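> sequence-free structure coming up:
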């Protein structure tokens, strides 16, 4: 249920409605728009509530409509509430501190497109520093790199762990870039928060609800990758777990889904980008490296994702993909990445956007 307050209503009136909701066993989530304030009403799942408390009923709507500064009360039809555009009509813009850009902050979900690039996995200091320097020079402002890496095979390289995080932090300091890296378990969240600016939830963990709850309790942006077999509704419900714990800085990532097609590693669902923008206020980025699994398809799918309206890109780059310990077949060389950036910028300009590069 959403409560739409009248234009220019007072803070006292908003607090009055919030106190009423709390007394009735509900949680009210504020969304302040340009003209109106909307309060999203979430029912309680506490089984110890007295009968009738925390349950959304027609009587609750009638009670809320009786408040003098309430303009209207509406039921939300989507199973995801906080992630829906009904709850939050305006686009969410996630702010990330980035030293290398003017003003020291990058806005994901704003008018500009944000490039995140780097190796799939941190292998050693030389590999990371070489890649970070190259992608920063080409225009990337956020460094991607895995310190903890899930692998389909238990014998695959699984990352350097905390040593990898330390190397990412060193690259961040040297080149002024923010860091996005994956966290795999609830117990690792505090450690990864020490080094990362954005916490990535990988495709295999999209429905790891304990992990989603944990990253929802911290004040760090979260990049939530779509599960490899997840519907859009399931993906947005996973985001709902994070939002419901109080963390509103959620970024969605389309990284391809598993289909019967064998020519590509995954089938990159570009239609998800404009569709999610209709359904949700959350920003969405695209990962054409994981989305295709093929180096020769990364560039065209990058351009297509920008044209489709993505707010950012997540691209794997390696100085020598042929000897990469993980995912070399889908990693661009540093030269290929440098060639791609001006082409992506040209597409962004064609649709009235630009890239944040400095």
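That came through fine. Everything numeric in this text was worked out from a predicted model, so none of it was measured.
> Leaving out chain neighbours, which residue sits closest to the most centrally placed residue in the chain?
Nearest to the mean C-alpha position of the chain, by CA atoms, centre = their mean, lies residue 251 at 1.5 Å. Nearest residue to residue 251, sequence neighbours excluded (CB to CB, 6 or more residues apart in numbering): residue 223, at 4.7 Å. C-beta here means a position set from N, CA and C on the backbone, and glycine is covered the same way.
> Name the residues of stretch 185-201 that are buried.
Judged by neighbour count using 16 or more other CB atoms under 10 Å, the buried positions of stretch 185-201 are 188, 189, 191, 192, 195, 196, 197, 198, 199, 200, 201.
> Please produce TSV containing those, extended by secondary structure and pLDDT.
Below are these laid out as TSV (DSSP: H, G, I helix; E, B strand; the rest coil; pLDDT from 0 to 100):
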residue	secondary structure	pLDDT
188	helix	97
189	helix	98
191	helix	97
192	helix	98
195	helix	97
196	coil	98
197	coil	98
198	strand	98
199	strand	98
200	strand	98
201	strand	98
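> quick check, nearest of those residues to residue 234?
Looking at the buried residues of stretch 185-201 and their distance to residue 234, the nearest is residue 201, at 13.5 Å (CB to CB).
> okay, now the domains of this structure?
2-74, 94-356 (automatic domain parsing).
> Check which helices and strands the worst-scoring helix or strand of the chain on mean pLDDT is in contact with.
One helix or strand of the chain scores below all others by mean pLDDT, DSSP states H and E: strand 27-32, with a mean of 85. Counting contacts by 3 or more CB pairs under 8 Å, 6 or more residues apart in numbering; DSSP states H and E, strand 27-32 packs against helix 11-23, strand 37-42.
> How about residues contacting the first one?
Helix 11-23 is touched from outside by 3, 5, 27-28, 30, 37, 39, 41, 63-64, 67-70, with contacts defined as CB atoms under 8 Å, 6 or more residues apart in numbering.
> Give me the buried positions along it.
Buried residues in helix 11-23, counted by 16+ other CB under 10 Å: 13, 14, 16, 17, 18, 20, 21.
> do the last one as well
Under the neighbour-count criterion of 16+ other CB under 10 Å, strand 37-42 has 37, 38, 39, 40, 41, 42 buried.
> Quick check: which element contains residue 3?
Assigned by DSSP states H and E, residue 3 belongs to strand 2-5.
> Each with direction, which strands does that strand pair with?
Within its sheet, strand 2-5 is paired with strand 37-42 (antiparallel), strand 70-74 (antiparallel), according to DSSP bridges.
> Show me which pair in the buried residues of helix 11-23 is furthest apart.
Spanning the widest gap among the buried residues of helix 11-23 are 13 and 21, at 13.1 Å by CB to CB.
> Can you find which helix in this structure contains the most residues?
Longest helix in the chain by number of residues (criterion: DSSP state H): helix 334-350.
> Walking through the stretch 51-200 of the chain, point out its strands one by one.
70-74, 94-97, 105-108, 112-118, 142-144, 178-182, 198-201 (DSSP state E, counting those that start in this stretch).
> out of those strands, nearest to residue 321?
Residue 321 lies closest to strand 112-118 among the strands of the stretch 51-200 of the chain, at 13.0 Å (CB to CB).
> which strands and helices sit next to that closest one?
Secondary elements touching strand 112-118 (3+ CB pairs under 8 Å, 6+ apart): helix 125-138, strand 142-144, strand 312-316, helix 334-350, strand 354-356.
> What score does the residue nearest to the centre of the chain have for pLDDT?
Note for residue 251: predicted pLDDT of 98.
> from what I can see, it looks like it's in a strand, true?
Yes: counting by DSSP: H, G, I helix; E, B strand; the rest coil, residue 251 falls inside a strand.
> so it makes contact with residue 281?
No: using CB atoms under 8 Å, residue 251 is not in contact with residue 281; the gap is 11.8 Å.
> ok so, going back, I'd like the distance between the residue nearest to the centre of the chain and residue 43.
Here the criterion is CB to CB, to the nearest Å. By it, residue 251 lies 27 Å from residue 43.
> Pick the most deeply packed of the strands of the stretch 51-200 of the chain.
Ranked by average neighbour count under the criterion mean count of other CB atoms under 10 Å, these are headed by strand 142-144 at a mean of 29.
> so how far is it from its chain's centroid?
Centre-to-centre, strand 142-144 and its host chain are 14 Å apart (CA atoms, centre = their mean, to the nearest Å).
> correct me, but residue 77 touches residue 87?
No: when contacts are counted by CB under 8 Å, residue 77 is not listed as touching residue 87 (11.3 Å).
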